[in-house]
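In: Model the following, please.
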Amino acid sequence: MRTLTSDPARDPANDLTAIRRWMQACIVAVFAAVMVGGITRLTDSGLSITEWRPIAGVLPPMSDGGWRMAYEAYLRIPQAQTTHAGITLEGFKVIYWWEWFHRLMARGVGLVFALPYLWLFLRGRIPRDLRLRLLALPLLTLAQGALGWYMVQSGLAERSSVSQYRLAAHLALALAILVVATWTWAELRTADDSGWTADPGGGDRDHSAVAAEIAAASRVRWRVAIGLLLAIVCLTIVTGAFVAGLDAGRIFNTFPLMEGAVVPEGYLAFASWWRNAFENPIAVQLHHRILALSTAAFALIAAWRVGASPLDPAAVKAVRDVGKAVLLQVALGVATLLLAVPVWAGVLHQFVGALVLGAATIALHAVKRAARAPSSG
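Out: Prediction:
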């Protein structure tokens, strides 16, 4: 069994507490970035800054001449002649400020991940078994910035919006960062005062009673089920990025049917199945609906059945929390659709989607921990 170690002259529990608080700050930062990113996307502001200057770009235009140059650069891209046709300098400033704030926040998120890591690492406060995982977080945020610019580039030449593929990749990487930070926080939250192991409860356990063996097998099945639920939640959120990228939420604003049909006309508009699945707004919306309702059914059945499971109270509560979050998300999704995606509803829907992901991650950790615990049967 591997155990995490730190400087013997310092209490390891204090180091783990510091890392746990850092993870909390990282989670909050990711949620904030997701919300601001949602506003930027829904207000069609993301292409207003047509260049990527990681350092100099921290400052917005500081003079009338600077604003005029930024405005004229924007007028040269396709979006300025389509989505924002006829936009004035003052109107441009509104969308510019949203994108500038989004990029500034992204830089801030990077610092939240990078600076505490460097400080804790240089002081020898990161246990050896956590170093690579925690190093991955600032590296992933750096990659997220590069991917964000790669996404923006797709809308500067031939398109009036960014590629839905790149938008989905950008969101998926943000979700990956959120999952790693949340999982690490959950591990550290349940650490014992006497120390923490990267693989709690390892080793064979002697269960002589048949009841104990059945309970142990049931806990393992729950671990698999919640792991599958987490995967489906991730997939559903990523399909939501395709909905956003194609503005598919602003068509067929009825529920549960799509203009009176289960499968609306135009569903098979593209001959290629993969292009139809990822580039046809009608198909993208239908697939997202199906996945969202399937995820909700899965989560609610799990929340209902978990009370009769051999899981400990903490794991039962975590699974039920996922069900509650999913119910809220379904209600928001339907409202967002019926209202034709107003900014406030779209942002809230995206925020709660990330909340569902975080809840599912915590639930999987709790169930995994329960599955490795000794049976009380």
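In: For the rest of this, base every contact and every neighbour count on C-alpha atoms.
Out: OK.
In: Would you indicate which residues of stretch 28-37 are buried?
Out: By neighbour count on 16 or more other CA atoms under 10 Å, the buried set for stretch 28-37 is 29-37.
In: I misspoke; the intended subject was stretch 127-136.
Out: Applying 16+ other CA under 10 Å to stretch 127-136 flags 127, 134 as buried.
In: With stretch 93-113 instead?
Out: 93, 95-107, 109-113.
In: With only the CA atoms kept, save that stretch in PDB.
Out: Provided in PDB are the C-alpha atoms of stretch 93-113 (Å, rounded to 0.1, in the frame of the first residue of the first chain):
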ATOM      1  CA  LYS A  93     -17.500  47.700 -26.900                       C
ATOM      2  CA  VAL A  94     -20.200  45.700 -25.200                       C
ATOM      3  CA  ILE A  95     -19.300  42.400 -26.700                       C
ATOM      4  CA  TYR A  96     -15.600  43.200 -26.500                       C
ATOM      5  CA  TRP A  97     -15.800  43.700 -22.700                       C
ATOM      6  CA  TRP A  98     -17.500  40.300 -22.300                       C
ATOM      7  CA  GLU A  99     -14.800  38.500 -24.200                       C
ATOM      8  CA  TRP A 100     -12.000  40.500 -22.500                       C
ATOM      9  CA  PHE A 101     -13.500  39.600 -19.100                       C
ATOM     10  CA  HIS A 102     -13.700  36.000 -20.200                       C
ATOM     11  CA  ARG A 103     -10.100  35.900 -21.200                       C
ATOM     12  CA  LEU A 104      -9.000  37.800 -18.000                       C
ATOM     13  CA  MET A 105     -10.900  35.300 -15.900                       C
ATOM     14  CA  ALA A 106      -9.200  32.400 -17.800                       C
ATOM     15  CA  ARG A 107      -5.800  33.900 -16.900                       C
ATOM     16  CA  GLY A 108      -7.000  34.200 -13.300                       C
ATOM     17  CA  VAL A 109      -8.100  30.500 -13.300                       C
ATOM     18  CA  GLY A 110      -4.600  29.600 -14.600                       C
ATOM     19  CA  LEU A 111      -3.000  31.500 -11.700                       C
ATOM     20  CA  VAL A 112      -5.300  29.800  -9.200                       C
ATOM     21  CA  PHE A 113      -4.100  26.500 -10.400                       C
END
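In: contact partners of it?
Out: Applying CA atoms under 8 Å, 6 or more residues apart in numbering, the external contacts of stretch 93-113 come out as 25-26, 29-30, 33, 36-37, 39-40, 43-49, 58, 60, 137-138, 141-142, 145.
In: So which of those residues belong to helices?
Out: Counting by DSSP state H, the contacts of stretch 93-113 place 25-26, 29-30, 33, 36-37, 39-40, 137-138, 141-142, 145 in helices.
In: And these, which is closest to residue 173?
Out: Here the nearest of these to residue 173, counting by CA to CA, is residue 141; it sits at 8.5 Å.
In: Nearest residue to the closest one in space, please, no chain neighbours.
Out: Closest residue to residue 141 apart from its sequence neighbours, by CA to CA, 6 or more residues apart in numbering: residue 110 at 5.6 Å.
In: related to what we said a few turns ago, quick one: which of the buried residues of stretch 93-113 sit in helices?
Out: 93, 95-107, 109-113.
In: Now do stretch 32-39, average pLDDT.
Out: Stretch 32-39 shows a mean pLDDT of 94.
In: just stretch 243-261 next, same as before
Out: Stretch 243-261 comes out at a mean pLDDT of 94.
In: Stretch 62-78 too?
Out: 95.
In: just stretch 276-290 next, same as before
Out: So the average pLDDT for stretch 276-290 ends up being 96.
In: gap between it and the chain center?
Out: 20 Å (CA atoms, centre = their mean, to the nearest Å).
In: Same question for stretch 275-295.
Out: That offset, for stretch 275-295, works out to 19 Å (CA atoms, centre = their mean).
In: Tell me, how many residues neighbour residue 123?
Out: For residue 123, the count of nearby residues is 10 (other CA atoms under 10 Å).
In: Quick check: the gap between residue 315 and residue 231.
Out: Going from residue 315 to residue 231 by CA to CA, to the nearest Å gives 18 Å.
In: hang on, I meant residue 349
Out: Residue 349 is 19 Å from residue 231, by CA to CA.
In: Could you pick out the buried ones from the contacts of stretch 93-113?
Out: Judged by 16+ other CA under 10 Å, buried ones among these: 26, 29-30, 33, 36-37, 39-40, 44-49, 137-138, 141-142, 145.
In: any weak-confidence spans in this structure?
Out: 1-10, 191-211, 371-377 (pLDDT under 70).
In: let's go with 80 and repeat that
Out: Applying pLDDT under 80 to the chain flags residues 1-12, 191-216, 371-377.
In: and the longest helix for it?
Out: Every helix in the chain considered (DSSP H), the longest is helix 210-245.
In: ok, residue 43 touching residue 343?
Out: Yes: using CA atoms under 8 Å, residue 43 is in contact with residue 343, at 7.2 Å.
In: So between residue 349 and residue 231, which is more surrounded?
Out: Between residue 349 and residue 231, counted using other CA under 10 Å, residue 349 has the larger neighbour count: 25 against 15.
In: other SSEs contacting the helix or strand where the more buried one lies?
Out: Using DSSP states H and E, residue 349 sits in helix 343-371. With contacts taken as 3 or more CA pairs under 8 Å, 6 or more residues apart in numbering; DSSP states H and E, helix 343-371 sits against helix 12-42, helix 164-189, helix 210-245, helix 313-338.
In: residues contacting the residue nearest to the spatial centre of the chain?
Out: For the chain, residue 175 is the residue whose C-alpha lies nearest the centre (CA atoms, centre = their mean; 2.9 Å). By CA under 8 Å, 6+ apart, residue 175 lies in contact with 234, 354, 357.
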